[in-house]
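> Here is my input; please provide its structure:
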Amino acid sequence: MSSKPNNLPVLRRGPVTLRAPRPSDAEEFIEAARKSRGFHDDLVHPPETRAAFEIYVGRNESPSNACFLIIENDSGRIAGTINLSQIFRGAFLNAYLGYYLFEGFTGRGLMTEAMRAVIEFAFGEFGLHRLEANIQPRNTASKRLVESCGFKNEGFSEKYLWIAGDWRDHERWAIVNSDLHK
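Model (predicted):
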């Protein structure tokens, strides 16, 4: 596969299909993001305008990003996203993992299957060694998710990311390729 993430494959696993976002997804995505504001509770801020969504789609033009929409197979609807960002090659072979579902898609294992598909892709054909997810301490569902997928808590990062007008603390969770096969 090309090292440019804009040539992303379609990934299928159980109830979900992961694919790169397209400009034609804007209307459905923006509507879901707006309806999910309260549900996301300032943990994430998905694009809510056409311009912001176009920036999100354009991220896949950079070799340092690989962005996927999570499509629920049964309905064909956009359920959320899962993204690899700040992809480092060379001696590090690392990426940061970001993800969220829209309201109405939780509790059915969709994100677990999407996470497992991205981990397999990242460590397989994409050739990474390590994935890191930084999670706000109050986001217990996200911590349970990554732990169930084999991530280990590596520590605490005080005032790590600027979110919703404040520096937010995060827990640092990571998985390395060799952990996947234990």
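> mind checking the longest helix of this structure?
helix 110-123 (DSSP state H).
> was I right about residue 112 contacting residue 149?
Yes: contact between residue 112 and residue 149 holds when scored by Cβ atoms under 8 Å: they sit 6.9 Å apart. C-betas here are computed from N, CA, C, even on glycine.
> So for the two, which sits in the more crowded spot?
A count of neighbours by other Cβ atoms under 10 Å puts residue 149 above the other of residue 112 and residue 149, at 20 against 17.
> which residues of the protein fall in strands?
Secondary structure of the chain (DSSP state E): strands located at 11-13, 16-19, 65-72, 78-88, 94-101, 130-135, 152-163, 166-176.
> Deepest-packed of these, please.
strand 65-72 (a mean of 23; mean count of other Cβ atoms under 10 Å).
> Just checking: what are the partner strands of it?
Paired with strand 65-72 in the same sheet, following DSSP bridges, are strand 16-19 (antiparallel), strand 78-88 (antiparallel).
> Against residue 10, how distant is the residue nearest to residue 69 when sequence neighbours are not counted?
Nearest non-adjacent residue to residue 69, counting by Cβ to Cβ, 6 or more residues apart in numbering: residue 21, 5.0 Å away. Separation of residue 21 from residue 10 (Cβ to Cβ, to the nearest Å) stands at 12 Å.
> So for those two, which residue has more residues nearby?
residue 21 (23 against 10).
> Please verify my assumption that the more buried one contacts residue 67.
Yes: between residue 21 and residue 67 there is a contact under Cβ under 8 Å: 6.1 Å.
> ok, back up a step: and the strands of the chain as CSV, adding distance to residue 46 and mean pLDDT?
Listed next are the strands of the chain as CSV, based on distance: least, Cβ to Cβ, whole Å; pLDDT from 0 to 100:
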stretch, distance to residue 46, mean pLDDT
strand 11-13, 20, 97
strand 16-19, 16, 98
strand 65-72, 11, 97
strand 78-88, 7, 97
strand 94-101, 7, 97
strand 130-135, 17, 97
strand 152-163, 13, 93
strand 166-176, 17, 95
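> Distance to residue 121 added to those strands, as JSON lines?
Below are the strands of the chain laid out as JSON lines (distance: least, Cβ to Cβ, whole Å):
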{"stretch": "strand 11-13", "distance to residue 121": "6"}
{"stretch": "strand 16-19", "distance to residue 121": "8"}
{"stretch": "strand 65-72", "distance to residue 121": "8"}
{"stretch": "strand 78-88", "distance to residue 121": "9"}
{"stretch": "strand 94-101", "distance to residue 121": "11"}
{"stretch": "strand 130-135", "distance to residue 121": "11"}
{"stretch": "strand 152-163", "distance to residue 121": "20"}
{"stretch": "strand 166-176", "distance to residue 121": "13"}
